[in-house]
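Asks: mind looking at a prediction? Sequence and model below.
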There are 2 protein chains.
Amino acid sequence: MKKIYTLALATLMFCSYNASAQNKEQRLTPEVMAKLFPTPVVSPDYNKDGSVTFRYKSEVAKTVQLDCQMFSEKKDMVKDDKNVWSITVTPQVPDIYPYCFIVDGKQVADPANMFIFPNEGFKNSLCDVRGDAPTMQDLQNVPHGKVSYRYYNSTTYGFDRPMCVYTPAGYDPAGSETYPVLYLIHGMTDTYETWFKVGRMNNIMDNLIAQGLANKMIVVMPYANAVPEMQNRKIKGDFNVLGTDNFVKEIINDVIPFIEKNYKTKTDADNRAIAGFSLGGRQTLATGFGNPDVFHWVAAFAPAIFGGEWEKNFETGVYADVNVLKEKLKYMRLCCGTEDFLVESSRGLDKTLTEKGLKHVTYFPGGGHTWMNCRDYLELTVKDLFK
Amino acid sequence: MKKIYTLALATLMFCSYNASAQNKEQRLTPEVMAKLFPTPVVSPDYNKDGSVTFRYKSEVAKTVQLDCQMFSEKKDMVKDDKNVWSITVTPQVPDIYPYCFIVDGKQVADPANMFIFPNEGFKNSLCDVRGDAPTMQDLQNVPHGKVSYRYYNSTTYGFDRPMCVYTPAGYDPAGSETYPVLYLIHGMTDTYETWFKVGRMNNIMDNLIAQGLANKMIVVMPYANAVPEMQNRKIKGDFNVLGTDNFVKEIINDVIPFIEKNYKTKTDADNRAIAGFSLGGRQTLATGFGNPDVFHWVAAFAPAIFGGEWEKNFETGVYADVNVLKEKLKYMRLCCGTEDFLVESSRGLDKTLTEKGLKHVTYFPGGGHTWMNCRDYLELTVKDLFK
């Protein structure tokens, strides 16, 4: 099968873009095509025995390694006589692993893999290892919600901005049913697409809802970082990545009003949750703990808080008075991998919340600051929400 | 501004993913961060004078070039004393240009640029050069439609598949208004996302509709290539990229029924259009010319037809009898750049259609087999559709 596909592609590989293809060749003979386009490789190639083969073709590379979150170490790849570098590995756990190739010391996303990790600072590909039984993150044959790319006018920043919005299967914009809303925030250098494309939040929601394990809800994924577009528009600003004021302002003044105007939502704090990963966890805590009249459900995944902020923020007013939170919050979840470089902060926050008597649930599994962990955090959280 | 941003990022650059970051450092001092994460660069950097600076940081690269569709030649980049390679260029025409870096001979997408060209066979970044006045492809402050990622069960392939669906601003799933539908097909190695992410079809539609230049319509972008997912699922199949049978079957049996069940559509051939680029143009002709009872509007952009197929397909029954098409079709558009490697095929089709007396409009501007051209083809087409 692989052979037929490769042959067919090699025979007629005319890309939608290839600068070198802009000549007037009409007859695409195999010779012409071989000259115009390199022979494609299949990568990752998911083998029947459960192993995965990664391939990278280059005439000029001197060393190629696989850098995959499946492993803690980079793995050397080996070149065959057709200049295809490859390695076959057997994953221990079916999951979706970010990876790239290290080609002569430089990170390169897998050219043959369409699945890319949306990010501002690096380009990784995604290796989607499936097990014999489908998992929550897999696209299963169940009723599907949809993820919509929406554009709203941001009064905070003065230009139109994007967000992703998940609505569950059966969501009826004309019906009488209204839905609770989870605001779900990405990590630093991630984008509003990362929870969708890497977190596979739509599959997790579809599968949990189909199995009766989660309530139907709308999930809103805003873009926390306005800086790239401000730079493009040559707008001056104070770009303090740790500052949460503008983030909170935009959620309250722009994002929530847009959602509640355009979707069938329940509009009280009992039906609003906020959750976020890493820098998004920091923003989640500032927004959720800072606005107990807006959000009654808060979940922080490996939140990026530092140097005792878990205590100080209660004193400086970033978070509301703990007695107010104790009275109003319905739910607080804290998750962090024990190998996460931010775990000590999460332990600090856990301790502070316990000392202050703020009820919360924690999850400190193995694993690091990864999206493999993140998907588990989301699954655990949405099983609890609005119940 | 740039300096503040760069400093702030350098001070606290904790990515959502970085394998090397998985240690237990709690205090992220500048020294720790500098070790954990490379200093980020801004790229592309859109300067006030209209020029654009591309940057790529590497301690180990020996040569770095810019390969951008703005130019027909690669351009050498120069390294500074901080190991940042850069080049500043001045685009002649505001447009969205695919590009990559050639690092020691290997294509590398710009790590600092979140805008990626969705494709199965290469990884390019997108340079979005804006002019003083916004163009059709820019996100302007007008009412916005949305693009939704939908998942449907494909009876053709036996598994659930994705597509993108654009609905215009004001689309009301509960209202009495119904809409015509354009089925819009990507090129070879592109995906169902390419018309959205590279073609910016949502901005083009939003802006044309806001200016009264296009009718409101739904635009459906299916994924023509099922092979990658068949490979992932270890499903055997005949993967002839030039065969259009499965494509046509899936459009007729799966895609149209899904759309007409889930959206407020007009369901007659007078209100169905199909358009496609490159291999998608081939598929468009097979589907549209092959099913004149289903589609009355057909537009082919640099269609991938070869060796006289523009005549033969009328004889072999791939296309319907020309007299039937003459009677039924309301519209046929053919576009191709004069530097496109497929232009002779389009000239052949143009000639054949003229000889056979099938009314059609053509557009043969300069330019090659590019998405810069493609966006123009789409704009011209949707201005005409359903009028």
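Replies: Yep, it's here.

Asks: according to the record, where do the domains of chain A fall?
Replies: For chain A, the domain assignment from automatic domain parsing gives the residue ranges A:2-128, A:146-384.

Asks: span of the last one from start to end?
Replies: It refers to domain A:146-384. Using Cα to Cα, to the nearest Å, the end-to-end distance of domain A:146-384 comes out at 22 Å.

Asks: separation between residue A:312 and residue A:145?
Replies: Shown here: residue A:312 relative to residue A:145, a distance of 40 Å by Cβ to Cβ, to the nearest Å. Heads up, the C-betas are built off the backbone N, CA and C, glycines and all.

Asks: ok, residue A:181 next?
Replies: From residue A:181 over to residue A:145 (counting by Cβ to Cβ), the distance is 14 Å.

Asks: just to revisit the earlier point, the more surrounded of residue A:312 and residue A:145?
Replies: residue A:145 (26 against 13; other Cβ atoms under 10 Å in any protein chain shown).

Asks: from chain B, how far out is the more buried one?
Replies: To chain B, residue A:145 is 9 Å away according to Cβ to the nearest Cβ, to the nearest Å.

Asks: grab the nearest non-local neighbour of that residue.
Replies: residue A:168 (4.3 Å; Cβ to Cβ, 6 or more residues apart in numbering or on different chains).

Asks: now what about the helix or strand where residue A:87 lies, what contacts it?
Replies: According to DSSP states H and E, residue A:87 maps onto strand A:84-89. Residues from elsewhere that reach strand A:84-89 (Cβ atoms under 8 Å, 6 or more residues apart in numbering or on different chains): A:41, A:47, A:51-58, A:61, A:64, A:66, A:68, A:70-71, A:75-80, A:101.

Asks: partners of the helix or strand following that strand in the sheet?
Replies: Moving toward the C-terminus from strand A:84-89, the next helix or strand (DSSP H and E) is strand A:96-103. The pairing partners recorded for strand A:96-103 under DSSP bridges are strand A:64-68 (antiparallel), strand A:106-108 (antiparallel), strand A:125-128 (antiparallel).

Asks: wait, residue A:308 sits on residue A:351?
Replies: No. In this structure residue A:308 lies outside contact range of residue A:351 using Cβ atoms under 8 Å: 11.1 Å.

Asks: thinking again about what came up before, so which bits of the strand holding residue A:87 are buried?
Replies: A:84, A:85, A:86, A:87, A:89 (16 or more other Cβ atoms under 10 Å in any protein chain shown).

Asks: then that strand to PDB, C-alphas only?
Replies: Listed next in PDB are the C-alpha coordinates belonging to strand A:84-89 (Å, rounded to 0.1, in the frame of the first residue of the first chain):
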ATOM      1  CA  VAL A  84      16.300   9.000   3.600                       C
ATOM      2  CA  TRP A  85      17.100   9.200   7.300                       C
ATOM      3  CA  SER A  86      14.900   7.100   9.500                       C
ATOM      4  CA  ILE A  87      14.300   5.600  12.900                       C
ATOM      5  CA  THR A  88      11.700   3.100  14.100                       C
ATOM      6  CA  VAL A  89      10.600   3.400  17.700                       C
END
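
Asks: how big is the angle separating it from strand A:64-68?
Replies: 40 degrees (axes from the mean of the first three to the mean of the last three Cα atoms, to 10 degrees).

Asks: hang on, the earlier thing: buried subset of the contacts of strand A:84-89 as a ChimeraX selection?
Replies: The buried residues among these can be selected in ChimeraX (16+ other Cβ under 10 Å) with this line:
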select /A:41,52,54,55,56,57,58,61,64,66,68,70,77,79,101
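
Asks: which of the contacts of strand A:84-89 fall within helices?
Replies: Taking DSSP state H, every one of the contacts of strand A:84-89 sits outside helices.

Asks: show me where chain A has helices.
Replies: Taking DSSP H as the test, the helices found in chain A are A:2-11, A:30-36, A:194-197, A:201-210, A:227-232, A:245-250, A:256-262, A:279-288, A:309-315, A:322-328, A:343-356, A:371-384.

Asks: packing partners for the fifth one?
Replies: Judged by 3 or more Cβ pairs under 8 Å, 6 or more residues apart in numbering or on different chains; DSSP states H and E, helix A:227-232 is in contact with helix B:2-11, strand B:45-46.

Asks: these: lowest mean pLDDT?
Replies: Comparing mean pLDDT across the helices and strands packed on helix A:227-232, the weakest is helix B:2-11, with a mean of 36.

Asks: I figured residue A:324 was touching residue A:292, is that so?
Replies: Yes. Using Cβ under 8 Å, residue A:324 is in contact with residue A:292, at 5.5 Å.

Asks: and the two? Which one has more around it.
Replies: Using other Cβ under 10 Å as the criterion, residue A:324 and residue A:292 rank with residue A:292 on top: 19 against 13.

Asks: please tell me how far that one sits from residue A:313.
Replies: Note on residue A:292: its distance to residue A:313, by Cβ to Cβ, is 14 Å.

Asks: one more: residue A:149?
Replies: 33 Å.

Asks: can you check residue A:361 too?
Replies: Residue A:361 sits 20 Å away from residue A:313, going by Cβ to Cβ.

Asks: who's more crowded, the two?
Replies: Applying other Cβ under 10 Å to residue A:361 and residue A:313 shows that residue A:313 carries more neighbours, namely 21 against 13.
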